[in-house]
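K.L.:
Provide a 3D model corresponding to the input given below.
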Amino acid sequence: MAGLPRLPYRVATMHIPRSSVQPAPGRPKAAEDPPGGWHRYPGAGCPHPAPVGTQLRDWRQRRRWSQLDLALEAGVSARHLSFMETGRALPSREMLLRLSERLEVPLRERNGLLVAAGYAPLYAERPLHDPSMATTRHAVERLLAGHEPYPALAVDRHWQLLMANQAAQGLLAGLDAALVQPPVNVLRAALHPQGLAPRILNLPDFRAHLLARLHQQVQASRDATLQALLDELRAYPCPAAAAHAPPAEDLGGVAVALQLRTPAGVLSFISTTTVFGSAVDVTVAELTLETFFPADAATQRALHGAAPP
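P.N.:
Numbers count the residues shown, from 1 in each chain. You can find the predicted model right below:
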């Protein structure tokens, strides 16, 4: 992209061959993962995990369901569900999986429920660079490379950068060195005072959008790391929107645009989120692709004009 410098390390290239989009440096090596592909599921490293019934009740209450609501959805009696939540009855493995599906419990936490009940975890968690993940990794590489000249990146459940195409690299270049040292947290890089925040012309609106989205993730997952990240981001200062910001394109109230000052001029983007809908691996289930599209004709012209032939 003309006028946009690149990061000092290669996260991705725009070519499609299998080595084109590289994992960000600093990601854990496969040899560092515990054997068997299972690691970091809730209860694995905790000497006193919450009883499975307590966890079930917590998930039900987070979804704002009554015992009767869940019992009807799962095809069990409310009495039996009550017994499972209070510890008077131990749910079978099949029952736990059925309840987890109805409650839309993330795969990582489903493993935790199984472990708390004394069963083996069901869902593997393999790093993206594991040979068995080649098909998934190549699919992500092609999606990122094929999105050029528009920015696109892949993040994990904690918004750590896994892959990015050249256009996304250009937007992240020039930030404070501490923010782009792997692992890069995309939300921190976006909202930190030494990150993209000073370049975002509509910072109050875009910041509110990101914080609301992260809050929803915290409520859905009860993830302590995401909660800590949310608390950190909320504490960052938020200056008023730039007085000289150009008027945003009318998006009909359906999206919040990102207006970004760059060496190539003011670029305006809307973003879409892509996930794997049928994942049965924890890593794949937690993988998110953030893809950005021009929100106005000027940005589209600028990006296509900067694309290599």
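
K.L.:
from Ser271, how far off is the closest residue to Phe276 other than its chain neighbours?
P.N.:
In space, and not counting its chain neighbours, Phe276 is closest to Val284: 5.0 Å by CB to CB, 6 or more residues apart in numbering. Every residue, glycine included, has its C-beta placed from N, CA and C. In this view, Val284 and Ser271 are 21 Å apart by CB to CB, to the nearest Å.

K.L.:
quick one: which of those two has more around it?
P.N.:
Val284 (22 against 17; other CB atoms under 10 Å).

K.L.:
can you map out the strands along the chain?
P.N.:
Assigned strands in the chain, in chain order: 152-155, 161-164, 258-262, 265-275, 288-294 (criterion: DSSP state E).

K.L.:
now do the contacts for Leu230.
P.N.:
Leu230 sits next to Leu211, Leu214, His215, Val218 when contact means CB atoms under 8 Å, 6 or more residues apart in numbering.

K.L.:
swap in 6 Å and give it another go.
P.N.:
Contact partners of Leu230, counting by CB atoms under 6 Å, 6 or more residues apart in numbering, are Leu214, Val218.

K.L.:
same question, Thr299
P.N.:
In this structure, Thr299 makes contact with Leu267, Ser268, judged by CB under 6 Å, 6+ apart.

K.L.:
rerun at 7 Å
P.N.:
Listed by CB atoms under 7 Å, 6 or more residues apart in numbering, the contact set of Thr299 reads Leu267, Ser268, Phe269.

K.L.:
what pLDDT does it get?
P.N.:
The score at Thr299 is 94. That number is its pLDDT.

K.L.:
now swap in Met163 and tell me
P.N.:
Reading off the model, Met163 has pLDDT 96.

K.L.:
thinking again about what came up before, highest neighbour count among the contacts of Thr299?
P.N.:
Counting by other CB under 10 Å, top hit in the contacts of Thr299: Leu267 with 27 neighbours.

K.L.:
and the gap between that residue and Tyr150?
P.N.:
For Leu267, the distance to Tyr150 - CB to CB - is 10 Å.

K.L.:
now the residue nearest the centre of the chain. Nearest residue, chain neighbours left out?
P.N.:
Here the mean C-alpha position of the chain is nearest to the C-alpha of Arg157 (CA atoms, centre = their mean), at a distance of 4.1 Å. Distance criterion CB to CB, 6+ apart; nearest residue to Arg157, sequence neighbours excluded, is Glu286 at 3.8 Å.

K.L.:
may I see the buried residues of stretch 199-215?
P.N.:
Within stretch 199-215, the residues scored as buried using 16 or more other CB atoms under 10 Å are Arg199, Ile200, Leu201, Asn202, Leu203, Asp205, Phe206, Arg207, His209, Leu210, Leu211, Leu214.

K.L.:
what's the farthest-apart pair in those?
P.N.:
Across these, the longest distance by CB to CB is 21.3 Å; it joins Leu201 and Leu214.

K.L.:
re earlier: can you put the contacts of Thr299 in a markdown table and add pLDDT?
P.N.:
Converted to a markdown table, the contacts of Thr299 look like this (pLDDT from 0 to 100):
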| residue | pLDDT |
| --- | --- |
| Leu267 | 95 |
| Ser268 | 96 |
| Phe269 | 96 |
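
K.L.:
out of those, who's nearest Thr136?
P.N.:
Phe269 (25.9 Å).

K.L.:
before we move on, back to that, and the residue nearest to Arg157, how far from Pro182?
P.N.:
Taking CB to CB as the measure, Glu286 falls 18 Å from Pro182.

K.L.:
kindly report the same for Arg79.
P.N.:
From Arg79 to Pro182 the distance is 52 Å (CB to CB).

K.L.:
higher neighbour count, the two?
P.N.:
Using other CB under 10 Å as the criterion, Arg79 and Pro182 rank with Pro182 on top: 13 against 10.

K.L.:
how far away is that one from Thr291?
P.N.:
Distance, Pro182 to Thr291, by CB to CB: 22 Å.

K.L.:
ditto for Val76
P.N.:
Taking CB to CB, one finds Val76 at 41 Å from Thr291.

K.L.:
the more surrounded of these two?
P.N.:
Neighbours were tallied for Val76 and for Thr291 using other CB under 10 Å; the higher tally belongs to Thr291 (21 against 17).

K.L.:
isn't that one right next to His147, touching?
P.N.:
Yes: assessed by CB atoms under 7 Å, Thr291 is found in contact with His147 at 5.5 Å.

K.L.:
just the helices from the stretch 201-309 of the chain, written as ranges.
P.N.:
203-221, 224-235, 282-285, 297-306 (DSSP state H, counting those that start in this stretch).

K.L.:
so where's the stretch 1-150 of the chain uncertain?
P.N.:
1-48 (pLDDT under 70).
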